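# missing the sequence, but the structure's below:
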Ligand SMILES: [Fe+2]
């Protein structure tokens, strides 16, 4: 007879007696599962010209503390094919799903051809995963005429459904860029926002606010089990970064929002980093080392795009002037304030100096345009201290870099709104374009226009060309002479069946950073 604890686990090993001996039997043996061990789906990431990472995590009971797995190593088979029916297998092998990493598997597939489509799947204990699709890139410098990619992020489970992911999945994109907030640390079935009434969540987060490794693991498991998100991650490879909510709202370096001692927050951050690694399709280079994880990385796409994915959270100094939206203050001009580490800035300088691609992509987290956030009845300028506006010296240094290139496009998240605008040099000249993508769900259904905000934000910020308070994502279509960004929206996330549409398109022509409606 099974104990209640054991029945939560879904491994079946030939009867109750075998269940009691599960740790010994699962190690390397062809055991079965009572439920699908691939309930969290599959994903691919960090594509290169010769391969990509393929990811899965064995979790037949996703919200169980251990995902329904016995605390032992399990073997996972994997294969990659050049056709969706797996007639031609081009790579295969076996990986170990270890309990230390929540039975996740990260396989770095190599030896594949450039700019080709591949399909992959996993097996474990007689179970077969869904089929994933990935596309390799092309080596820097090789001829490339077109690249299409999507950007998304800000997935607050409580705020709504991930209907917008259906549009991204159907778009047949070369890759995805995730700008952060893959999970939110908040727990429970209500939404609490400063200054606003508490409202019921569209769907409840599993558990309370995340602090421990198990908390973060369960939050990711709930997320990865979402059918829309799962279908998207199976369809398209992703370069994933992180922002604040993978750990805690508006953290900065080792400083959190609860004024905890830094050594205390360091434990919470380390738990969050480990769970991030376990659930994201990232390479070994992104394995969390004591105290840090390498989030920033670059990738060249032929002679067309040189991409830099930044980390603006882990090495930043604390937000000035009390954080959040504030009137202008002296702390914004602190010459020692940083958004990136010294090493990351030097890495970016090297990347920008060396490449001969047509376009430079900066994929990053928080808005670089220091826009005025005041609403209609507010007398003074208001800026967001958690964005680059709180770090003026670092921001100006960054914009000077981009102006020097003359071919840079900044792609951003965090705002839960769409924006299109130009980054200005200190002399007021347009230095680069910034496309800010809204959230997948954070903020709920939204509205378009947003009462009290849409006219003032455009009036007070002449560098802005577009603002939209809806949920959605961006699609960037890059050719040799034009970079076009489509602002996609979904009309509701509080109920199923939201309609996805293109709200606006803006473009930049090669040779001029000035964006225009397209
Ligand atoms: Fe967010």
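That came through, no problem. Note that the structure is a prediction, hence the values are computed from the model and not measured. Numbers count the residues shown, from 1 in each chain.

# residues near residue 477, how many?
If you count neighbours by other CB atoms under 10 Å, residue 477 ends up with 18. All C-beta spots, glycine's among them, are computed from the backbone N, C-alpha and C.

# any idea how far it is from the ion?
For residue 477, the distance to the ion equals 25 Å [CB to the ion, to the nearest Å].

# that residue: helix or strand, and which one exactly?
Taking DSSP states H and E as the definition, residue 477 sits inside strand 464-479.

# same question for residue 349.
Here residue 349 sits within helix 342-354, counting by DSSP H and E.

# pull the residues that contact the helix or strand just after that helix.
Note on helix 342-354: by DSSP H and E, the next helix or strand toward the C-terminus is strand 359-363. If you take CB atoms under 8 Å, 6 or more residues apart in numbering as the criterion, strand 359-363 is touched by 151, 177, 179, 239, 241, 304-310, 352, 402, 405, 407-411, 478, 483, 510.

# again, only this time at 6 Å
177, 305-309, 405, 407-411 (CB atoms under 6 Å, 6 or more residues apart in numbering).

# and stretch 461-468, by the same measure?
371-372, 418-422, 424, 448, 454, 457-458, 503-504, 515.

# so which of those residues reach the ion?
By CB under 5 Å from the ion, no member of the contacts of stretch 461-468 lies near the ion.

# most widely separated two among these?
Spatial extent of the contacts of stretch 461-468 (CB to CB) is set by the pair 424 and 448 at 26.2 Å.

# more crowded one of these two?
residue 424 (18 against 14).

# quick one: contacts for that one?
residue 463.

# ok, what's across the strand from it?
Going by DSSP bridges, residue 424 is paired in beta bridges with residue 430.

# from the contacts of strand 359-363, which land in helices?
Using DSSP state H, the subset of the contacts of strand 359-363 located in helices is residue 405.

# still on that earlier bit, need the residues that contact the helix holding residue 349.
296, 298, 308, 401, 405.

# the second one contacts residue 308, doesn't it?
Yes: applying CB atoms under 6 Å as the test, residue 298 and residue 308 come out as touching, 4.8 Å apart.

# need the contact list for residue 76.
95, 97, 105, 122, 124.

# burial count for the second one?
The reference is to residue 97. Per other CB under 10 Å, the neighbour tally for residue 97 reads 23.

# quick one: it from residue 273, how far?
As defined by CB to CB, to the nearest Å, residue 97 lies at a distance of 20 Å from residue 273.

# residue 198 too?
According to CB to CB, residue 198 stands 30 Å off from residue 273.

# interface residues of this structure facing the ion?
Applying CB under 5 Å from the ion, we find that the chain lies next to the ion at 154, 181, 442.

# sec struct for the residue in the stretch 1-150 of the chain that the ion sits nearest to, please.
Proximity of the stretch 1-150 of the chain to the ion (CB to the ion) peaks at residue 150, 17.0 Å away. Here residue 150 takes the strand state, with states given by DSSP: H, G, I helix; E, B strand; the rest coil.

# my guess is it contacts residue 168, does it?
Yes: in terms of CB under 6 Å, residue 150 counts as a neighbour of residue 168; the distance is 4.7 Å.

# mind listing the strands for the stretch 201-350 of the chain?
238-240, 297-301, 305-309, 325-327 (DSSP state E, counting those that start in this stretch).

# pull the residues that contact the first one.
The set of residues external to strand 238-240 that reach it, using CB under 6 Å, 6+ apart, is 45-46, 176-178, 280, 309.

# centre of the chain versus it, how much separation?
The chain centroid and the centroid of strand 238-240 are separated by 6 Å under CA atoms, centre = their mean, to the nearest Å.

# in it, what counts as buried?
Within strand 238-240, the residues scored as buried using 16 or more other CB atoms under 10 Å are 238-240.

# what's the closest of those residues to the ion?
residue 240 (14.3 Å).

# show me the helices in this structure, by range?
Ranges of helices within the chain are 4-7, 16-20, 22-26, 164-170, 213-224, 227-235, 262-279, 342-354, 392-405, 454-460, based on DSSP H.

# so what's residue 137 up against?
Per CB under 6 Å, 6+ apart, neighbours of residue 137: 47-49, 301.

# return the subset of those lying in strands.
Under the assignment DSSP state E, the contacts of residue 137 contribute 47-48, 301 to strands.

# now the stretch 251-400 of the chain against the ion: closest residue?
At 9.2 Å from the ion, residue 365 is the closest residue in the stretch 251-400 of the chain, using CB to the ion.

# quick one: contacts for that residue?
179-180, 243, 312, 413-414.

# ok, now residue 115?
Residue 115 neighbours (CB under 6 Å, 6+ apart): residue 138.

# relative to residue 323, how far out is the residue lying closest to residue 336 once chain neighbours are set aside?
Once flanking residues are discounted, residue 336 sits nearest to residue 317: 7.1 Å by CB to CB, 6 or more residues apart in numbering. Going from residue 317 to residue 323 by CB to CB gives 12 Å.

# wait, residue 493 sits on residue 446?
No: with contacts counted by CB under 6 Å, residue 493 stays clear of residue 446, the gap being 8.3 Å.

# now do the shared contacts for these two.
Joint contacts of residue 493 and residue 446 (CB under 6 Å, 6+ apart) are residue 471.

# hang on, the earlier thing: sheet-wise, list the partners of the strand holding residue 477 with their directions.
strand 146-152 (antiparallel), strand 418-424 (antiparallel), strand 446-447 (antiparallel), strand 482-490 (antiparallel).

# could those go into CSV alongside mean pLDDT and distance to residue 203?
Below are these laid out as CSV (pLDDT from 0 to 100; distance: least, CB to CB, whole Å):
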stretch, mean pLDDT, distance to residue 203
strand 146-152, 98, 19
strand 418-424, 98, 24
strand 446-447, 96, 17
strand 482-490, 98, 16
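
# about what we covered before: residue 198 and residue 273: which is more packed in?
Taking neighbours as other CB under 10 Å, residue 198 and residue 273 compare with residue 273 leading, 24 against 8.

# ok, that one to residue 498 distance?
From residue 273 over to residue 498 the distance is 33 Å, taken as CB to CB.

# how is the protein divided into domains?
Here the domain parsing of the chain from automatic domain parsing is 4-135, 146-181+239-263+283-517.

# comparing these, which yields the minimum mean pLDDT?
Lowest mean pLDDT within the domains of the chain: domain 4-135, a mean of 83.

# what comes into contact with stretch 308-320?
By CB under 6 Å, 6+ apart, the residues outside stretch 308-320 that reach it are 239, 241, 243-244, 252-253, 255, 295-298, 331-332, 337-341, 348, 351, 362-366, 385-386, 390.

# would you write a PyMOL line that selects the buried entries of those residues?
Buried members of those, defined by 16+ other CB under 10 Å, are picked up in PyMOL with:
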select buried, resi 239+241+243+244+252+253+255+295+296+297+298+331+332+337+338+339+340+341+348+351+362+363+364+365+366+385+386+390
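
# tell me the spacing between the residue nearest to residue 42 when sequence neighbours are not counted and residue 71.
Sequence neighbours aside, residue 132 is the residue nearest to residue 42 in space, at 4.1 Å (criterion: CB to CB, 6+ apart). Look at residue 132 and residue 71: by CB to CB, they are 27 Å apart.

# equivalent analysis for residue 506, please.
Taking CB to CB as the measure, residue 506 falls 52 Å from residue 71.
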